[in-house]
Structure formats: C-alpha cells, structure tokens
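In: Have a look at this fold, sequence not included:
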C-alpha cells in the first residue's frame, strides 16, 4: 500500500486551494469547481467542497497537522510574512528548532487547520529525509 493524499473538506475551495498553492509554490489542479489538488513530489493535498461529501461537516481539525518539508523554513517564513498584507498568514509559531532536529514553522490555513513547514537541521533529522 502507498500513501497518496490527504483530503480537506471546506466550503471555500478557491480560498483553501489558493493558500496551499501559494505555500507549495505550485498551481492547483482544478478538474471541477468543487475539487482541487496541490501536487508535490511526496504527496497531494486534495481539497473538496462540503457538498461532495454531504455526511461531513467542515470544521478546523484539532488533531491533524498538514506538513511540508522545505529546503529553508526561515526563507519560507520571510516569503510568507515579508510581502504579506496585514491579513497575511496566521502564524502560530515562528521558526523554532524542535528537540527532534527539525526547524519548524506552524501556521493556520484559512479554515483554521494547523500547517507545519519544517527543515531538518541536525545530522539525524537530515539523514531521515535524505
């Protein structure tokens, strides 16, 4: 079995797709107005409108963090906050080196879900993602 994607359910596909496409610095693939994919070399974030899965209620998820591996998390932080208007990203934690060896930036996406952008910085963490 191979992990392929995670799907976020929202009432505003345009807004969420724009956030993740900007973060990943790629274009969103939009086969329909109710669905988008942000494809990266390691996996895909799928974004679907709530009407595609009517038994789910879109809400911020308090137990899942969407994670992105970045070459330089500090550069990502500067890019996201340096040129951002007053309504820029909701930064929960500025880049911080964690005990397990990753330098981590925590954000909230427009729906309130946590997003971790990280760069391995210790030899062990770098080896893990080599």
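Out: On my side now, so go ahead. Just so we're clear, the structure is a prediction, and the values are computed from it rather than from any experiment.

In: so where's this structure uncertain?
Out: For the chain, residues meeting the criterion pLDDT under 70 lie at 83-87.

In: contacts for stretch 38-55?
Out: Contacts to stretch 38-55, defined as C-beta atoms under 8 Å, 6 or more residues apart in numbering, come from residues 3-11, 13, 16-17, 20-21, 24, 26, 28-29, 33-37, 56-58, 66, 68-69. The way it works is simple: take the backbone N, C-alpha and C, and place the C-beta from them, glycine included.

In: which ones among the residues you listed are found in strands?
Out: 5-10, 29, 35-37, 66, 68-69 (DSSP state E).

In: which of the residues you listed are buried?
Out: 8-10, 35-37, 66, 68 (16 or more other C-beta atoms under 10 Å).

In: Mind picking the two most distant members of those?
Out: Pairwise distances across those peak at 20.7 Å for 35 and 68 (criterion: C-beta to C-beta).

In: And for residue 26, the neighbour number?
Out: Per other C-beta atoms under 10 Å, the neighbour tally for residue 26 reads 12.

In: Spatially, what comes nearest to it if we skip its sequence neighbours?
Out: residue 38 (6.4 Å; C-beta to C-beta, 6 or more residues apart in numbering).

In: how far away is the one you found from residue 104?
Out: Residue 38 sits at a distance of 20 Å from residue 104 (criterion: C-beta to C-beta, to the nearest Å).

In: Between those two, point out the one with more neighbours.
Out: Using other C-beta under 10 Å as the criterion, residue 38 and residue 104 rank with residue 38 on top: 25 against 19.

In: how about the helices in this structure?
Out: 13-24, 73-82, 123-128 (DSSP state H).

In: Pairing partners for the closest residue to residue 102 other than its chain neighbours in the sheet, please.
Out: Nearest residue to residue 102 in three dimensions, chain neighbours excluded: residue 118, at 4.3 Å (C-beta to C-beta, 6+ apart). Per DSSP bridges, the residues bridged to residue 118 are residue 69, residue 104.
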